[in-house]
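[1] Generate coordinates for the sequence data below:
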Amino acid sequence: MSKPVVARFCPSPTGNPHVGMARTALFSWAFARHHGGRFVFRIEDTDAARDSEESYDLLVDVMRWLGLDWDEGVEVGGPNGPYRQSERMDIYADVAQRLLDAGLAYKAYDTEAELAERREAARAAGKPSGYDGLHRDLTPEQQAGYEAEGRQPVVRFKMPAKDWTFNDLVRGEITFGAENVQDFVIVRANGQPLYTLTNPTDDALMGITHVLRGEDLLSSTPRQIALYEAFAQIGVGDGSTPEFGHLPYVMGEGNRKLSKRDPESNLLGYRDGGFLPEGLLNYLALLGWAIADDRDVFSLAEMVEAFDISRVNPNPARFDAKKCEAINGDHVRLLAPEDLATRLIPYYAAVGIDVSEAGLAPVVPLIQERMAVLTEAPAMTRFLFVDDVSIPAELALDDAGRDVVRAAHGALDALGEWTTESIEGSLRGALIDELGLKPRLAFGPVRVAVTGSRISPPLFESLEILGRDKTLSRLAAALAG
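    From the prediction side, this is the model:
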C-alpha cells in the first residue's frame, strides 16, 4: 500500500442490524487489520424519519459483541469527528456551497411532474432516463424567475462528460459510460444533504483509503469518484480517491437477496439465540471468501492474517442457516470449558436459572460436545438445577418402566459411594445383569424419571452431579405418580 490503510463501516441506524451488514463490517475490519491500518466506525443518520436512537444503540452493542473494535468513530472519538452525520450538517452545507461557487454544482428548479414527463419522453425515445441537464446553465435571471414562482431548488452535481473506469478490488476493471451517469442531486430542496454528498465528504475528510461495501452500491461509484475529483479542486480532503471493492450479495431461500425483513437476516436473533460471535463471524467470512479450499473453521486472528480482498468471490453467496449453526458448534467445542461456563450463565439466567461458573464446571464437559448453540444448554441440563421435574404425559411410565425404576431405586439406595463409576456399576448390575434388559430399555425409564426427558447428557455422570438425595427422590416420585 502506498499509504496507511484506513477502512470504514458506516451503517444507518434503521431497524435491527442484519447479517449482510455484519459481513460488510467484518471484511472492512479484517482488511484494515491485515494491513496494519485503521478502522473507522461512523453512523449515517441524516434520515430523521427513519433513524432511531434505539437502532444506533443496537449497532454499537452488536459491534462490541462481535468484537470488531474500531480505532476512530462513535463512542471512542478521534481527530475527524463528529462521527454521526446528523452532527455534521454544517460541514455538508459548506461543501455544497463550495461546489456551487466553483461551478461544479448548480441549482435545479424542476418540479417532480416536469421531471417525470421528460423521463418518460426519454424512455419512449430509447434514451437514458436520468437527468437531462435542462437547468445546468440557468442565468441569474432565470433562477430569479423560478424563485419568484415559489420553487425551491435542489442542488445537482455536474457530472463531467466522460466515461468512468476504475479497478474494483473484487471485480476487476469496470467502466460506466458517460450516458449512464447523469447529473445527480446532492442536496434536497429543503436543504437536507443526501447520501450522495455526505458519504464521499466524510470519506474525504476522514482520510478513507479503501471502501468495501455491498454490490448494490456499485452503480453509485462513478458519481463518488467524480465528487472526489471535484473535492481535489476545492480543497476537501487530501485530493486522493479511495479504492473500491464491492462485496457479493448474500442470498436467502429461493435464491433471492437476503433482506432486513428475513428472519435469518436478523443479527440480534443470532446473539440472543446462543451463537458465539466468533462462530457467526467465521461463517459470515465464508460468504464470499475462504481461508483455504479445504478448511471452513478458523479464528478471527487467523482470518486477519490470511485476508486478501482479491480472493473475495464476486458471485452471490447463499446463507445456509444449518451450516452457520454447524460452524458455531465447532467453535463451541474449541472453547476452554471455563470460558464456555462463563458464556453460558446469561442463557441460564434468561430462563430463570441462577447458576455460577463453579456450578457449571462439572456440567460443561457433559454437554460441550453436544451443543451447536448456547441456548441448548439450559434446556439440556435444567433437571440438574431445579428441585423437581415433571414427566410429560406422553412419557408416562408403563408397568415395565415402573419395574425398571423400582429396581434402579433399590440398587442406588444401597450404594455406599456416589460416583459415576459406582452408579454405572450398580445400575448395570441391577438392570442388565439381573433383569436381563438391553441398555436402551434398562436406562430409558431411569432417564425419564430423573430428567423428565428421553434425551439428556450422559446418565451416570448426570446422576453423580444431581446427587443421591434428588436422584432417589425423583425415582420414588415417578413410582408414586
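[2] Thought Pro11 was touching Asp51, still the case?
    No. With contact defined as Cβ atoms under 8 Å, Asp51 does not reach Pro11; the gap is 10.6 Å. All C-beta atoms are positioned from the backbone trio N, CA, C, and that covers glycine.
[3] Distance from the helix or strand hosting Gly145 to the middle of the chain?
    Taking DSSP states H and E as the criterion, Gly145 maps to helix 140-148. Remark: helix 140-148 is offset 50 Å from the chain centroid, using Cα atoms, centre = their mean, to the nearest Å.
[4] Numbering from 24 from now on, please.
    New numbering, starting at 24: the last item is helix 163-171.
[5] Assign Asp113 to helix, strand or coil.
    helix (DSSP: H, G, I helix; E, B strand; the rest coil).
[6] Need the CA coordinates for stretch 171-189. CSV is fine.
    The C-alpha trace of stretch 171-189 is given here as CSV (Å, rounded to 0.1, in the frame of the first residue of the first chain):
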residue,chain,number,x,y,z
ALA,A,171,-40.4,34.2,-7.9
GLU,A,172,-42.8,31.2,-8.7
GLY,A,173,-42.0,29.9,-5.2
ARG,A,174,-39.9,27.0,-6.5
GLN,A,175,-37.2,25.6,-4.1
PRO,A,176,-34.2,24.3,-5.9
VAL,A,177,-32.3,21.1,-5.4
VAL,A,178,-28.5,21.1,-5.8
ARG,A,179,-27.2,18.9,-8.6
PHE,A,180,-23.6,17.9,-9.2
LYS,A,181,-22.3,18.4,-12.7
MET,A,182,-21.0,15.1,-13.9
PRO,A,183,-18.1,15.6,-16.4
ALA,A,184,-19.0,14.2,-19.8
LYS,A,185,-16.7,11.2,-19.9
ASP,A,186,-16.6,7.5,-19.3
TRP,A,187,-15.7,6.3,-15.8
THR,A,188,-13.3,3.4,-15.4
PHE,A,189,-12.0,2.1,-12.1
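[7] Next secondary structure element downstream of the lowest-mean-pLDDT helix or strand in the chain?
    None of the helices or strands of the chain scores lower by mean pLDDT, DSSP states H and E than strand 273-274, at a mean of 92. Next in sequence after strand 273-274, counting helices and strands by DSSP H and E, comes helix 290-295.
[8] helices or strands next to that following helix in the packing?
    Here helix 290-295 touches helix 42-57, helix 76-89, going by 3 or more Cβ pairs under 8 Å, 6 or more residues apart in numbering; DSSP states H and E.
[9] Could you say which of these is packed most deeply?
    helix 42-57 (a mean of 24; mean count of other Cβ atoms under 10 Å).
[10] Now do that one: distance to the chain's middle.
    On Cα atoms, centre = their mean, the centre of helix 42-57 falls 10 Å from that of its chain.
[11] Restrict that helix to CA atoms and write it as CSV.
    The C-alpha trace of helix 42-57 is given here as CSV (Å, rounded to 0.1, in the frame of the first residue of the first chain):
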residue,chain,number,x,y,z
VAL,A,42,-26.1,-10.3,8.8
GLY,A,43,-25.3,-8.6,5.5
MET,A,44,-24.3,-5.5,7.5
ALA,A,45,-22.1,-7.6,9.8
ARG,A,46,-20.4,-9.3,6.8
THR,A,47,-19.5,-5.9,5.4
ALA,A,48,-18.2,-4.7,8.7
LEU,A,49,-16.1,-7.9,9.1
PHE,A,50,-14.5,-7.7,5.7
SER,A,51,-13.7,-4.0,6.2
TRP,A,52,-12.3,-4.6,9.7
ALA,A,53,-10.2,-7.6,8.6
PHE,A,54,-8.8,-5.7,5.6
ALA,A,55,-7.7,-2.8,7.9
ARG,A,56,-6.3,-5.2,10.5
HIS,A,57,-4.5,-7.3,7.9
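[12] next helix or strand past that helix?
    strand 61-64.
[13] partners of that following strand, with directions?
    Sheet pairing of strand 61-64 (DSSP bridges) gives strand 29-32 (parallel), strand 95-96 (parallel).
[14] Mean neighbour count, those: which tops it?
    Taking mean count of other Cβ under 10 Å, strand 29-32 is the most buried of the strands paired with strand 61-64, at a mean of 26.
[15] How far off centre is stretch 88-100?
    15 Å.
[16] Kindly report the same for stretch 85-99.
    With Cα atoms, centre = their mean as the basis, the mean position of stretch 85-99 lies at 13 Å from the chain mean.
[17] State the mean pLDDT of that stretch.
    The average pLDDT within stretch 85-99 is 97.
[18] so the nearest residue to Glu238 once chain neighbours are set aside, which of the three states?
    Nearest residue to Glu238, sequence neighbours excluded (Cβ to Cβ, 6 or more residues apart in numbering): His269, at 4.8 Å. Of the three states, His269 takes strand under three-state DSSP.
[19] does His269 have beta-bridge partners, and which?
    Applying DSSP bridges, one finds that His269 bridges with Arg236.
[20] What average pLDDT does the helix or strand containing Ile390 get?
    Counting by DSSP H and E, the element that carries Ile390 is helix 387-390. Here helix 387-390 scores 97 as its mean pLDDT.
[21] That one: how far from the chain's middle?
    28 Å.
[22] For Ala499, the count of nearby residues, please.
    15 (other Cβ atoms under 10 Å).
[23] residues in contact with it?
    His432 (Cβ atoms under 8 Å, 6 or more residues apart in numbering).
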